[in-house]
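# Output the structure for:
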Amino acid sequence: MDWIKKIFKGCTNKFSEGHYHGHYAEDPQFYAPSGTRDALQEYEDEEIDRAIALSLLDESQKGVKVIGDECQLEEDEQLARAIQESLNFEPPSPQYQYENANTYQPIPVHFPVGYRICAGCNTEIGHGRFLNCLNAFWHPECFRCHACNLPISDYEFSMSGNLRFHKSCYKERYHPKCDVCNHFIPTNPAGLIEYRAHPFWAQKYCPSHEHDGTPRCCSCERMEPHNTGFVALNDGRKLCLECLNSAVMDTKECQPLYLDIQEFYEGLNMKVEQQVPLLLVERQALNEAREGEKNGHYHMPETRGLCLSEEQTVSTILRRPGFGTGNRAMGMITEPYKLTRRCEVTAILILYGLPRLLTGSILAHEMMHAWMRLQGFRPLSQDVEEGICQVLAHMWLLTQLDSASSSNVASTSHSASRRLKKGKRPQFERKLGEFFKHQIESDTSPVYGDGFRAGHQAVYKYGLRKTLEHIRMTGRFPY
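Alright, predicted model coming up:
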């Protein structure tokens, strides 16, 4: 009877099926290594042994004496249980596993139910935890962030195309940051990311910086980043370090640029015969000189150049300032300069501290005012006079952008030439020139913007010389 019990016990091994619950699953017996062909033979041998045992049991029961009602009842119950367990036994399914790790050998080519391949490493997922996500199975350590390459263990993550990210990594890579404060640009009440951007430089910044006193560069108009200090000029303007690198700071330093503009006009057969003084001045001196003029047009909101016709005394910059603690200008020397009227033009004033290309375009603009006055042009409407002056400034910028760097060196001061040779300026200076050209082309004002576009169209269609002759005779652009 003990031998019979051993057989029955071997036939009642439990089996379990691996299940997946939620994102992660513990499956210690999910898929074990496959057995050999002997497993099937062993199973058939056990079936034969079981049949023999039952037959022997039946024969032995016929020769047993009835010792007592209680003993006979106990043996009958054991036999009934053995027969019932034998009838209830079924061969294990391919997806099940015995506790003693002997498994049913599946037919080759066919995989067992639940066979899992990791979509990350493309290997079989065996014992332990697994992740079911994005219509695939993964080892937890194979489900990784595309940015930091660390496993994603959070229940929430972000996608960009087919790429997976931690939510924090996705925000770091795709959520725009403010170029001023370097913080993530906040969302508006509707939950949308709202920011401002410069139309040319594409500098993105929080809308709040337009009202919190964040300064802009007086040249390129970019906002001052919190981690980069702009230079503070004496008249209250701020200048970024890139624009400072080519800034023209005093009257003497501007003279080579003045000669370059004069040569430009000579090349157009528009030589200015009279020697007109050129002075670099501060903002206050420029505004005072503008008030002293009876007539004249000027660009709003800030005047950066003037062509004077009246006798005045102007404070000009004799020596460029240095820059000390806190990037503040210091040590600048000015002196009064008395303007004497020898012709229709007494002087050209330019705001100091602007980059070479901006200073040159302003000077080319004011030189056109001087040339027309010296040529005896009638008083013109603002849009015509300012428009044709902007055309000349635009033409000069084009020659500078198209010229080789050697010609740029010839038109700079000695100190600016040294900076150019160090290789610190040309790339940004060209970008700056493109910006100044863009400013002229995209100006929305009816005087300077519309005037430039009308003048540019006339010059393109009829040429500069015929356009100027038509303006002299009619006071209007030809159409």
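
# Alpha carbons of the strand or helix carrying Ala454, in CSV - could you do that?
Assigned by DSSP states H and E, Ala454 belongs to helix 448-462. Extracted C-alpha coordinates of helix 448-462, given in CSV (Å, rounded to 0.1, in the frame of the first residue of the first chain):
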residue,chain,number,x,y,z
TYR,A,448,10.7,105.5,-43.5
GLY,A,449,9.1,102.1,-44.3
ASP,A,450,6.7,103.0,-47.1
GLY,A,451,9.1,105.7,-48.3
PHE,A,452,11.9,103.1,-48.7
ARG,A,453,9.8,100.6,-50.5
ALA,A,454,8.5,103.2,-53.0
GLY,A,455,12.0,104.5,-53.5
HIS,A,456,13.5,101.0,-53.8
GLN,A,457,10.9,100.0,-56.4
ALA,A,458,11.6,103.2,-58.4
VAL,A,459,15.4,102.6,-58.4
TYR,A,460,15.0,99.0,-59.3
LYS,A,461,12.8,99.9,-62.2
TYR,A,462,14.4,103.1,-63.5
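
# Could you list the buried residues of that helix?
448-449, 451-456, 458-459, 462 (16 or more other CB atoms under 10 Å). Where C-beta positions appear, they are placed from N, C-alpha and C, glycine not excepted.

# Can you classify the closest residue to Tyr205 other than its chain neighbours as helix, strand or coil?
Excluding its sequence neighbours, the residue lying closest to Tyr205 (CB to CB, 6 or more residues apart in numbering) is Val180, at 4.4 Å. Assigned by DSSP: H, G, I helix; E, B strand; the rest coil, the conformation of Val180 is coil.

# Which pLDDT value does the model give Val180?
With respect to pLDDT, Val180 scores 92.

# looking at it, it is touching Pro225, isn't it?
Yes: at 5.5 Å, Val180 counts as touching Pro225 under the criterion of CB atoms under 8 Å.

# of these two, who's got more company?
For Val180 and Pro225, the more surrounded residue by other CB atoms under 10 Å is Val180, and the numbers stand at 22 against 17.

# tell me the contacts of the more buried one?
Taking CB atoms under 8 Å, 6 or more residues apart in numbering as the criterion, Val180 is in contact with 203, 205-206, 209, 214, 223-226.

# one more time with 10 Å, if that's ok
Val180 is in contact with 196, 203-206, 208-209, 212, 214, 222-228, counting by CB atoms under 10 Å, 6 or more residues apart in numbering.

# Please apply the same query to Ile117.
Contact analysis of Ile117 by CB under 10 Å, 6+ apart lists 111, 123-125, 136-138.

# and of the contacts of Val180, the nearest to Pro176?
Taking CB to CB as the measure, Pro176 lies nearest Lys204 of the contacts of Val180, at 5.6 Å.

# right, and that closest one touches Asn182 too?
No: applying CB atoms under 10 Å as the test, Lys204 and Asn182 come out as separate, 11.0 Å apart.

# Between those two, which is the more surrounded one?
Between Lys204 and Asn182, Lys204 has the larger neighbour count (other CB under 10 Å), namely 16 against 10.

# Next one: Glu273 relative to Ser168, how far apart?
From Glu273 across to Ser168, the span is 69 Å (CB to CB, to the nearest Å).

# Between those two, tell me which one has more neighbours.
Neighbours per residue, other CB under 10 Å: of Glu273 and Ser168, the larger number sits with Ser168, 13 against 9.

# Ala136 is in contact with Phe143, isn't it?
Yes: with contact defined as CB under 10 Å, Ala136 reaches Phe143; the gap is 9.3 Å.

# Mind checking which of these two has more residues around it?
For Ala136 versus Phe143, neighbours defined as other CB under 10 Å are more numerous around Phe143 (22 against 13).

# What's the separation between the more buried one and Asn135?
As judged by CB to CB, Phe143 and Asn135 stand 13 Å apart.

# any shared contact partners between the two?
Ala119.

# SS state for Asp154?
Asp154 ends up coil, using three-state DSSP.

# actually Thr359, sorry about that
Three-state call for Thr359 (three-state DSSP): helix.

# Over to Phe428?
Phe428 is classified as helix under three-state DSSP.

# Wait, it touches Cys243, no?
Yes: applying CB under 10 Å, one finds Phe428 in contact with Cys243, separated by 8.5 Å.

# which of these two has more neighbours?
Shown here are Phe428 and Cys243; by other CB under 10 Å, Cys243 has more neighbours (25 against 15).

# His365: how many residues sit nearby?
Other residues lying near His365 total 27 when counted by other CB under 10 Å.

# pLDDT score for it?
You'll see His365 listed with a pLDDT of 96.

# wait, doesn't it sit right on Phe436?
No: applying CB under 10 Å as the test, His365 and Phe436 come out as separate, 11.1 Å apart.

# what residues are shared contacts of these two?
Jointly contacting His365 and Phe436 under the rule CB under 10 Å, 6+ apart are 393-394.

# returning to that earlier point: which neighbours do Val180 and Pro225 have in common?
Common contacts of Val180 and Pro225 (CB under 10 Å, 6+ apart): 203, 205, 214.

# Most neighbours of all the residues you listed, which one?
Tyr205 (22 neighbours).

# Show me the shaky parts of the stretch 1-150 of the chain.
Within the stretch 1-150 of the chain, the ranges that satisfy pLDDT under 70 run 1-114.
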